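Colleague: Provide a 3D model corresponding to the input given below.
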Amino acid sequence: MQKEIDELRKKLILAVVVQAALIVIFRYGLEEGILSATILLILEALMLWYAFDQFSHLSKEQSHGVSDVLSHAARDAYLFGETGIVIYNDEHVITWVSDLFTQREISCVGEKVLSWLPDAEGLLVGNSEKTIVVLNQRTYEVTRKNDEQALFFKDITDLTKYRTAFEKGRVVIGMASLDNYEESTQYEDESVVSNINIAVRTPFTEYCKKHGILVKRVNNYRYFMVLNERIYKELSDDHFSVLTSVRKAATKQEVSITLSMAFARGWDSYEEMDDVVAKLMDLAQSRGGDQVAVQKSGEDVKYFGGSSEAAEKSSRVRVRVMAHTLRELVSRSSNVIICCHRVADFDCMGAALGMARMTQSLNKPTVIIAKTGGIEEKLEGVLNANLDALLEEDFKFVTENEALNQLKEKTLVIMVDHHNIKQSNGAKVLEKARTVAVIDHHRRSTEMGVQPVLVYIEAGASSTCELITEMIPYVSNRVEISELDANIMLAGMIVDTQRFRVRTGARTFDAASTLRKYGADPLQVDDYLKDTYAEFESKTSIMKSSKMIDHDIIITPVKDRTMSRSMMSQIADDLLQIQDVEASFVIANDGEGQTCISARSNGHMNVQRIMEKMHGGGHMTASAMQRPEMSIDDVEQELLMFIKEYIEEEKQNESNSKE
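Modeller: As a prediction, the model looks like this:
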């Protein structure tokens with residue numbers, strides 16, 4: 001307002017000057033009435049000057065208090081409610097403030113709103129309805145009425161303080177479990193078990209005591225924890241260093257015991273939190289253990305840790321239980337449909353063939369969905385070359401729609417080598433199926449998209465073919481595995497273990513030995529997996545675009561062509577053969593509207609954690625990611641960012657464990 005008054009004053013002065021000029025002109029042209037007109041003009045100018053001076057003075061007095069606009073009672077109400085008002089003009093210059101600002105010695109009249117309050121930009125342009133600002137160590141919520149040149153300030157300092165205290169004090173329920181404890185101690189002497197208990201439990205109990213966590217032991221290997229959000233934040237900031245402490249203590253005792261933890265946050269119902277934390281613990285352990293699973297009400301599950309490969313289970317009790325349960329499900333079903341994952345590989349198809357053999361031995365009609373979703377090139381070549389033999393063995397390969405026509409009320413649908421409906425080549429079948437079973441070796445993801453009655457996910461296994469091979473004698477003694485079946489299953493194990501270099505335990509070799517007894521020929525399998533000259537030439541050309549970055553990591557962005565996912569994984573495997581390479585990442589478009597990453601490591605880096613940050617998944621040593629097609633450069637930059645994040649987290653974990 002003050003600016004407008006000044007502008008008007010200038011215009012009036014100009015008018016007076018013009019009139020004075022006219023009087024001079026008239027003086028020489030007209031002699032009569034000149035004196036009178038001059039006197040009147042002077043009086044007029046003085047009066048106008050006085051009037052606008054008074055108006056300007058009154059304008060400045062507006063900032064003295066809201067009582068000049070409203071009553072004293074209204075002013076007191078605004079002050080009692082700790083509410084303030086700021087009025088500004090068209091140029092966003094503050095022209096008036098209420099008594100709250102005067103009382104708190106906040107002077108801003110004459111300043112531009114954004115110069116005084118940069119955080120208010122969203123309010124002025126209409127992008128936000130409110131914002132939070134801090135003035136003189138007090139917190140205010142600022143709002144603006146639509147189309148009004150006024151900002152309303154509400155002091156929320158106390159509310160913020162109490163809300164923060166409430167949030168920090170909210171109850172968090174946790175659970176901790178010593179992975180592989182029973183297997184590691186069941187055959188040991190009492191003195192050895194006692195030493196193990198002291199070694200692995202002491203770091204955990206001291207950690208809980210240090211952070212003020214209430215912890216109660218449920219059994220020999222499981223603990224129930226009660227804490228609050230403030231303590232949980234301390235654990236999170238510490239990157240749950242207790243996982244590393246327990247792992248190192250167990251290593252000194254020469255046992256493969258690790259620690260898994262789960263936390264449920266943000267629920268009002270303790271009973272619901274108890275259910276959630278139990279499910280989270282199952283998730284953490286089914287993903288291989290040695291990690292933390294956390295879920296806040298309304299948010300997705302988050303994982304921390306998982307820096308070691310899942311330990312192989314030495315006991316076959318679970319295999320027998322799962323095999324007997326599967327046999328019962330098959331026996332009660334009318335027919336069986338086996339789903340593979342999209343772009344089926346040797347492990348997936350080998351598991352499907354082995355599963356079909358088991359269900360056929362129980363006299364159940366069985367089909368495999370293999371004509372939908374694609375097949376890896378080398379596997380497709382093997383299947384085409386041996387199609388007549390497969391048909392003679394009574395294998396029936398169908399499309400997803402053909403499988404839908406065979407879906408009945410008592411049909412059993414089995415997912416092999418995957419457990420997420422989004423990855424399946426039979427998603428429509430799974431959506432309508434009433435009975436679903438899952439057999440997989442990948443670390444479990446949070447969402448499966450189905451509600452299976454049987455879940456056999458063993459992250460410590462080398463491959464799904466290993467799991468199927470172990471189940472065969474427990475399902476039926478009439479299962480017949482041909483040489484061709486055994487070859488494809490062995491090929492699946494060889495591919496997934498990178499020729500028995502990673503994720504390979506005693507049970508892996510036992511399963512391979514069993515397949516050898518069924519007639520598997522390693523030389524024939526080797527022929528299945530050999531590259532053609534064209535493939536060799538293509539791989540060599542693509543590898544030229546590889547670049548080594550820090551920490552012995554190779555990234556290969558492929559921009560000049562599309563690539564199949566199987567080719568990407570093969571190149572990633574080959575790059576690991578280079579000396580001192582810890583991990584490899586191949587980025588390319590697959591020609592089907594997807595941009596993909598194939599990630600591999602030698603076991604020293606957990607590529608699964610990196611891929612999960614990019615909404616992918618897999619194993620510690622073999623993972624992948626797919627998303628709708630986008631720029632290779634953009635995906636590469638995102639990958640580099642998450643690699644850097646991972647390395648920093650690992651450095652933090654190492655420093656915490658040393659402390």
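
Colleague: Spit out the contact partners of the nearest residue to residue 295 once chain neighbours are set aside.
Modeller: Nearest non-adjacent residue to residue 295, counting by C-beta to C-beta, 6 or more residues apart in numbering: residue 301, 4.7 Å away. The way it works is simple: take the backbone N, C-alpha and C, and place the C-beta from them, glycine included. Applying C-beta atoms under 8 Å, 6 or more residues apart in numbering to residue 301 gives the contacts 280, 283, 293, 294, 295, 446.

Colleague: Equivalent analysis for residue 327, please.
Modeller: 362, 474, 475, 476.

Colleague: thought residue 325 was touching residue 454?
Modeller: Yes - the pair formed by residue 325 and residue 454 meets the contact definition of C-beta atoms under 8 Å, at 5.6 Å.

Colleague: Low-confidence stretches in the chain?
Modeller: Low-confidence regions of the chain, defined by pLDDT under 70, span residues 1-12, 14-16, 18-41, 43-76, 306-315, 653-659.

Colleague: center of it - which residue?
Modeller: In the chain, the centroid-proximal residue (C-alpha atoms, centre = their mean) is residue 613; its distance is 5.0 Å.

Colleague: I'd like to know how far it sits from residue 590.
Modeller: For residue 613, the distance to residue 590 (C-beta to C-beta, to the nearest Å) stands at 21 Å.

Colleague: now do residue 627
Modeller: Distance of residue 627 to residue 590, given as C-beta to C-beta: 11 Å.

Colleague: And the two? Which one has more around it.
Modeller: Taking neighbours as other C-beta atoms under 10 Å, residue 627 and residue 590 compare with residue 590 leading, 19 against 14.

Colleague: quick one, what contacts the nearest residue to that one once chain neighbours are set aside?
Modeller: Spatial nearest neighbour of residue 590, excluding adjacent residues (C-beta to C-beta, 6+ apart): residue 596 at 5.3 Å. When contacts are counted by C-beta under 8 Å, 6+ apart, residue 596 touches 565, 568, 587, 588, 589, 590, 624, 625, 626.

Colleague: For the fourth one, the count of nearby residues, please.
Modeller: Each residue near residue 588 was counted by other C-beta under 10 Å, and the total is 26.

Colleague: Okay, now the sheet partners of whatever helix or strand it lives in, with direction.
Modeller: If you go by DSSP states H and E, residue 588 is part of strand 583-589. Next to strand 583-589 in the sheet, as set by DSSP bridges, lie strand 553-562 (parallel), strand 594-601 (antiparallel).

Colleague: How far away from the center of its chain is the longest one?
Modeller: What that stands for is strand 553-562. Computed by C-alpha atoms, centre = their mean, to the nearest Å, the chain-centroid distance of strand 553-562 equals 24 Å.

Colleague: now swap in the last one and tell me
Modeller: Taking the mean C-alpha point of strand 594-601 and that of its whole chain, the gap between them comes to 17 Å (C-alpha atoms, centre = their mean).

Colleague: Can you name the next helix or strand after that strand?
Modeller: Strand 594-601 is succeeded, C-terminally, by helix 607-613 (DSSP H and E).

Colleague: residues in contact with residue 475?
Modeller: Residue 475 neighbours (C-beta under 8 Å, 6+ apart): 323, 326, 327, 330, 358, 361, 362.

Colleague: And the strands in the stretch 501-650 of the chain?
Modeller: Using DSSP state E, counting those that start in this stretch, the strands of the stretch 501-650 of the chain run over 547-549, 553-562, 583-589, 594-601, 617-618, 622-628.

Colleague: Identify whichever of these lies nearest to residue 492.
Modeller: strand 622-628 (13.1 Å; C-beta to C-beta).

Colleague: and that closest one, what does it pack onto?
Modeller: Secondary-structure packing of strand 622-628 (3 or more C-beta pairs under 8 Å, 6 or more residues apart in numbering; DSSP states H and E): helix 565-575, strand 594-601, helix 607-613, strand 617-618.

Colleague: list the buried ones in that strand?
Modeller: 622, 623, 624, 625, 626 (16 or more other C-beta atoms under 10 Å).

Colleague: Please tabulate the residues you listed in CSV and include distance to residue 135 as additional columns.
Modeller: Below are the buried residues of strand 622-628 laid out as CSV (distance: C-beta to C-beta, whole Å):
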residue, distance to residue 135
622, 55
623, 49
624, 51
625, 46
626, 49
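
Colleague: Closest one to residue 150 out of those residues, please.
Modeller: residue 625 (49.8 Å).

Colleague: Quick check: bridge partners of that closest one?
Modeller: Here residue 625, judged by DSSP bridges, has bridge partners residue 597.
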